[in-house]
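Enquirer: missing the sequence, but the structure's below:
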């Protein structure tokens, strides 16, 4: 990697001012593995994705004449020697359940042709997206949505007491009574006491003859004749009825997704599964773990001398081998892409790239250490270095010190977040990780979870100490999430806090969600002797009359098929009307204050007179959200930002007997921000809470009292409790060694 670097081997960027970047310039050496590090919100993504990747996209669009899907907002003076770039983020926006690993990795075609050649039938038959090849019971999805009948039916009620929860029409209960009477089914006897035949009639029967029913609607008595449709038969049509969205959503919430009992999750019809090669059908191959499938494909490749077969299996074997090397051997080829984590999808893309023959590209990888167990670090780093050694340039956004030590060199952005970041700085010294375990920690009361058997867990029992912090570690796929789900079902006082986006709209901001907005409105109202509604863009007194407080206008074109959003020209996106903006607090309008970062509001003592607002702002800062503005809408926050904001609901409140399960709360955070979150967990236990967090980041060990380690591997090689006990015992065990060497 040493030697003279020619100018044509350097990518140059001058005067970058994208988002919070402070007119920075840098040079990137082609063919290097480069880390981009710094605190959360310092500008790493603005540099890597908002500028470097966006410029590459723009230049590629010029050459190819293609359009760019995303709006380009980078600001820069000049750049040169740009090469094509591919972004490998941790996001997974694929919601198509028919997109599987086999289709994503482009190896389903090879399998279709292979089975076609081996059995002399059409290749299209071996596709679950083809009606002829798909299982007719699940339509090729491999699963069925099964409604929990106990949520819909109160079996202890009689027909006269309306035992069914969801009826679409007001006349249905009367129709049920009439129908039951016509068959001699008792109206005043609980459903549990009816015969199986009678219950089946109520739930599944359909009449040809119409039954006259009198009922009230809009205050008037009406009489009509209707056919009777069994309750569950009607519910099945309700699931597909777009006119009753709320009822359909209710059904979805009480439905369970179960493997299709007919195709056993293979997605294929019985006809397709009747065609085999050496005793194996295509469905069996697709449902195997890749670690089991690859040796079979390799043996077929070795034993098969036909050139056409050999060519088909060669690429399949290389991809399966790459998945195993990338610690993805626990997955199966018919696993749907939407069900994968962002990290799993990122590693799948890496396998595809390493099997390609395209070089001299730039790859921008977003936190490859995220969701990785320490045992997987070296394997993923080996793949990234292999990508570099093929002649590519790799930019890696990371916090993990172990990963940053493996690069050719690093670019540090900081020194702080938001307005305090945006400069290229010297290496930012992270707070060192010190493990100090309290041997005197006593666990007086425990939560016991018994005999969990699901997925790869078999008869697993654990215990959690009340009012303490428990950390759960182990490889992805080792059974952590399955165990957490069962804890929720066995211990009803559980709050599960994941990194899913917050439900909200353009009206929901950090200020409104955190509760800070109410107090800010009061402060403005008192200062200006004005109505609080002036400081609410959801109210007529305060909102811009043109955009109704949205800050943007939506226009429909192409007969409503396409919607275009544009900034409101009247309020310039501020949402408030001129009257509302004329009021000030310490010389600042409501819009000015909401658009200052939380860090700036604290630093400038804007609300020094209000201890309540100050405490709320300091808590947001402690949650690692200080670089954001209060006006930031919740629908634009990352998963980690959402998870930390959700904590606002619980800090400082009495939490006796409440169990909180956090899913990777430290993912994507610097050491300092991680320690802040862990200190908040400690504060929650003081107020009576019990904390269980699922993590991969080893800094979590610094603040936990108790450890549960799952493993030893993934899938069928996992599902066991490798260690369970106090942190003080864990650091003295052999299990600690693998974590210790990655600190």
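Expert: That came through, no problem. Everything quoted here is computed from the prediction, not taken from an experiment. Numbers count the residues shown, from 1 in each chain.

Enquirer: all helices for the stretch 351-500 of the chain, in order.
Expert: Counting by DSSP state H, counting those that start in this stretch, the stretch 351-500 of the chain has these helices, from start to end: 377-389, 401-404, 480-490.

Enquirer: now these as CSV including mean pLDDT, distance to residue 306 and mean neighbour count?
Expert: The C-beta positions use only the backbone N, C-alpha and C, and glycine is treated the same way. CSV is the format used below for these (pLDDT from 0 to 100; distance: least, C-beta to C-beta, whole Å; neighbours: other C-beta atoms under 10 Å):
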stretch, mean pLDDT, distance to residue 306, mean neighbour count
helix 377-389, 92, 31, 17
helix 401-404, 92, 44, 18
helix 480-490, 89, 43, 18
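
Enquirer: can I get the ones you listed in a markdown table including distance to residue 279?
Expert: Output for the helices of the stretch 351-500 of the chain, formatted as a markdown table (distance: least, C-beta to C-beta, whole Å):
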| stretch | distance to residue 279 |
| --- | --- |
| helix 377-389 | 33 |
| helix 401-404 | 44 |
| helix 480-490 | 31 |
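
Enquirer: tell me which of those helices lies nearest to residue 538.
Expert: helix 480-490 (34.4 Å; C-beta to C-beta).

Enquirer: and that closest one, how far out from the chain middle?
Expert: Remark: helix 480-490 is offset 18 Å from the chain centroid, using C-alpha atoms, centre = their mean, to the nearest Å.

Enquirer: and that helix, what does it pack against?
Expert: strand 446-454, strand 457-465, strand 469-473, strand 494-497, strand 659-663, strand 690-694 (3 or more C-beta pairs under 8 Å, 6 or more residues apart in numbering; DSSP states H and E).

Enquirer: try it again at 10 Å.
Expert: strand 446-454, strand 457-465, strand 469-473, strand 494-497, strand 659-663, strand 690-694, strand 706-711 (3 or more C-beta pairs under 10 Å, 6 or more residues apart in numbering; DSSP states H and E).

Enquirer: so can I have CSV of those showing mean neighbour count?
Expert: Formatted as CSV, these follow (neighbours: other C-beta atoms under 10 Å):
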stretch, mean neighbour count
strand 446-454, 14
strand 457-465, 17
strand 469-473, 25
strand 494-497, 16
strand 659-663, 22
strand 690-694, 25
strand 706-711, 25
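
Enquirer: show me the shaky parts of the stretch 101-250 of the chain.
Expert: 167-168, 237-250 (pLDDT under 70).

Enquirer: where do the strands sit along it?
Expert: 143-147, 211-217, 220-226 (DSSP state E, counting those that start in this stretch).

Enquirer: surely residue 636 is in contact with residue 501?
Expert: Yes - using C-beta atoms under 10 Å, residue 636 is in contact with residue 501, at 9.3 Å.

Enquirer: so which of the helices of the stretch 351-500 of the chain gets nearest residue 20?
Expert: So among the helices of the stretch 351-500 of the chain, helix 401-404 is nearest, using C-beta to C-beta, at 21.7 Å.

Enquirer: distance between the closest one and the chain's centre?
Expert: 24 Å.

Enquirer: next: stretch 709-717.
Expert: For stretch 709-717, the distance to the chain centre is 22 Å (C-alpha atoms, centre = their mean).

Enquirer: for the protein, which residue occupies the most central location?
Expert: Per C-alpha atoms, centre = their mean, the C-alpha nearest to the average position across the chain is that of residue 500, at 5.0 Å.

Enquirer: so what's that residue up against?
Expert: Counting by C-beta atoms under 10 Å, 6 or more residues apart in numbering, residue 500 makes contact with 639, 642-643, 646, 663.

Enquirer: okay, now the unreliable bits of the stretch 351-500 of the chain?
Expert: 428-433, 436-440.

Enquirer: if we can go back for a sec, of the contacts of residue 500 - the most surrounded one?
Expert: Among the contacts of residue 500, residue 643 has the most neighbours (other C-beta atoms under 10 Å), with 23 neighbours.

Enquirer: I'd like to know how far that residue sits from residue 690.
Expert: 18 Å (C-beta to C-beta, to the nearest Å).

Enquirer: swap in residue 626?
Expert: Residue 626 is 28 Å from residue 690, by C-beta to C-beta.

Enquirer: in stretch 206-223, which residues are buried?
Expert: 211, 213, 215 (16 or more other C-beta atoms under 10 Å).

Enquirer: columns distance to residue 575 on top of the residues you listed, output as JSON lines?
Expert: Listed next are the buried residues of stretch 206-223 as JSON lines, based on distance: C-beta to C-beta, whole Å:
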{"residue": "211", "distance to residue 575": "55"}
{"residue": "213", "distance to residue 575": "51"}
{"residue": "215", "distance to residue 575": "47"}
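
Enquirer: show me which of these is closest to residue 417.
Expert: For the buried residues of stretch 206-223, the nearest to residue 417 is residue 215 (61.9 Å; C-beta to C-beta).

Enquirer: look up how far residue 191 lies from the closest residue to that closest one other than its chain neighbours.
Expert: What sits nearest to residue 215 in space, not counting adjacent residues and going by C-beta to C-beta, 6 or more residues apart in numbering, is residue 171, at 3.9 Å. Residue 171 sits 21 Å away from residue 191 when distances are taken as C-beta to C-beta.

Enquirer: again, but for residue 393
Expert: Distance, residue 393 to residue 191, using C-beta to C-beta: 68 Å.

Enquirer: and the helix or strand containing residue 300, how far out from the chain's middle?
Expert: Using DSSP states H and E, the element containing residue 300 is helix 290-303. Remark: helix 290-303 is offset 33 Å from the chain centroid, using C-alpha atoms, centre = their mean.

Enquirer: pLDDT averaged over the longest helix along the chain, what's the number?
Expert: Assignment by DSSP state H gives helix 307-325 as the longest helix of the chain. Helix 307-325 comes out with an average pLDDT of 87.

Enquirer: buried set for that helix?
Expert: So for helix 307-325, counting by 16+ other C-beta under 10 Å, buried means 309, 312-313, 316-317, 319-325.

Enquirer: next one: stretch 133-140
Expert: In stretch 133-140, the ones that count as buried by 16+ other C-beta under 10 Å are 133-135, 138, 140.

Enquirer: elements contacting the longest helix of the chain?
Expert: Using 3+ C-beta pairs under 10 Å, 6+ apart: helix 307-325 touches helix 101-104, helix 108-119, helix 290-303, helix 342-354, helix 377-389.
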